[in-house]
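>>> Quick one: sequence plus predicted model below, questions after.
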Amino acid sequence: AQSVTQLGSHVSVSEGALVLLRCNYSSSVPPYLFWYVQYPNQGLQLLLKYTTGATLVKGINGFEAEFKKSETSFHLTKPSAHMSDAAEYFCAVSRSSGYSTLTFGKGTMLLVSP
Amino acid sequence: DGGITQSPKYLFRKEGQNVTLSCEQNLNHDAMYWYRQDPGQGLRLIYYSQIVNDFQKGDIAEGYSVSREKKESFPLTVTSAQKNPTAFYLCATRTGEGELFFGEGSRLTVL
């Protein structure tokens, strides 16, 4: 079984401040990890993913995440928030071997103030 | 351009009525999925299909049905047995690298 916990249903930052969205996962086998972003009344868009190789992965819009196996974490960061980053963010996990569906966290709403 | 088309984007239904949500893709992906999204609940898997004429129940399949007669199409029927059908429904396909590609969603409201 696999699961995802996103700490904080809402995170508020000021424009220009560091963005940190937390994701911890549980998986019985090496995981694939994903971050998605969703704007209101739209589908989800992939920000970045970790499958194998380098544990620090870079995505679109200046976001990056680091896979830390010892901490079972995959936190999402961005050095400087922009107003356009305000959206809901979802972390997801799947197994790296065999067929596996994606399991999503409950999401974190990022609020950016001027 | 390749993508996923979900229709309708907004749908209203009376209690006791069945409704069908359409999902069409031209990405040539084998696997297709239906998720339900409720505020604060994240995405929950309803049904998925890895190949034509085959599909599996997800975590919350009760009150829903699907078919997969063509590779391009994976319609979802919300039946009258679904007790709380008001939600945002998302269709997705799976790429060869394991991530999901989503449509724009359909919002169903039961009056």
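Now that the structure is in, tell me what you want to look at.

>>> Give me the contacts around stretch A:79-91.
Contacts with stretch A:79-91, where a contact means CB atoms under 8 Å, 6 or more residues apart in numbering or on different chains, come from A:4, A:6, A:13-19, A:21, A:23, A:25, A:33-39, A:44, A:47, A:61-62, A:74, A:76, A:78, A:104-105, A:107-112, A:114, B:42-43. (Glycine included, C-beta is placed from N, CA and C.)

>>> again, 6 Å this time
If you take CB atoms under 6 Å, 6 or more residues apart in numbering or on different chains as the criterion, stretch A:79-91 is touched by A:4, A:6, A:13, A:15-17, A:19, A:21, A:23, A:35-39, A:104-105, A:107-110, A:112.

>>> And those residues, which of them are buried?
Applying 16 or more other CB atoms under 10 Å in any protein chain shown to the contacts of stretch A:79-91, the neighbour count classes A:4, A:6, A:13, A:19, A:21, A:23, A:35-38, A:104-105, A:107-110, A:112 as buried.

>>> Can you say which of those residues are also within reach of chain B?
With CB under 6 Å from any CB of the partner chain as the criterion, these include A:104-105, A:107 near chain B.

>>> What parts of chain A come near chain B?
If contact is defined as CB under 6 Å from any CB, the residues of chain A in contact with chain B are A:32, A:34, A:42-44, A:46, A:49, A:101-102, A:104-107.

>>> in what helix or strand does the residue most central in space within chain A lie?
Among the residues of chain A, the smallest C-alpha distance to the mean C-alpha position (CA atoms, centre = their mean) belongs to A:W35, namely 3.4 Å. Here A:W35 sits within strand A:31-38, counting by DSSP states H and E.
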